[in-house]
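Visitor: predicted model, plus sequence, below.
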Amino acid sequence: MKLLDTTKKTLADRLKEASELIGVKDSKGSFYYDAGDFMVGKVAKKSVSLKQEDTIKLLKEKGLYKKCVEVQKVEVINEKALEDSVKDGTITQEEFEALCDVKTTYSVSVQKVEEMPEVDTSQCLKAASRKK
């Protein structure tokens with residue numbers, strides 16, 4: 001079983017490397033390439049978490065501390081109130097993004113390329129020739 005896991009990891013690493021070297025990068029940071037009957041990719045997965053200290057500092061500067069922070073034993077961001085502050089423009093998108101840690105991980109994607117159905121053009125050609 002351990003040998004199988006090691007082999008799968010090695011294959012995944014090689015596919016990811018090939019995807020990055022010869023593939024095309026999409027807007028999400030993933031890489032894909034056409035390998036004949038398969039589309040192979042290094043798929044980006046991002047997770048975002050707020051930087052607590054930076055967020056609290058910004059909320060205090062903006063006068064939003066009481067609205068967006070619930071004081072318990074530790075300060076906890078009320079993410080709904082924070083989201084509302086971003087939506088109403090009190091906090092800019094740029095300021096919000098600066099408060100977030102973004103972690104990107106990659107997985108391998110290998111999918112069979114869908115075959116295009118053949119279209120019968122003989123009827124189209126007959127109809128077009130009758131219109132002349």
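Guide: Good, I have the coordinates. Residues are numbered from 1 along each chain as shown.
Visitor: so what pLDDT did the most centrally placed residue in the chain get?
Guide: When C-alpha atoms, centre = their mean is applied to the chain, the residue found nearest the centroid is Lys28 (4.7 Å). pLDDT recorded at Lys28 is 87.
Visitor: which SSE is the closest residue to it other than its chain neighbours in?
Guide: Spatially, and ignoring its direct neighbours in sequence, Lys28 is nearest to Ala44 (5.4 Å; C-beta to C-beta, 6 or more residues apart in numbering). For glycine as for every other residue, the C-beta is placed from the backbone atoms N, C-alpha and C. Secondary structure assignment for Ala44, by DSSP states H and E: strand 38-50.
Visitor: helices or strands next to the next helix or strand after that strand in the packing?
Guide: Scanning forward in sequence from strand 38-50 by DSSP H and E, the next helix or strand is helix 52-61. Contacts defined by 3 or more C-beta pairs under 8 Å, 6 or more residues apart in numbering; DSSP states H and E place helix 52-61 against helix 65-68, strand 75-77.
Visitor: relative to Met1, which of these is closest?
Guide: strand 75-77 (42.1 Å; C-beta to C-beta).
Visitor: got the buried residues for the closest one?
Guide: Ile77 (16 or more other C-beta atoms under 10 Å).
Visitor: perfect, I'm done here.
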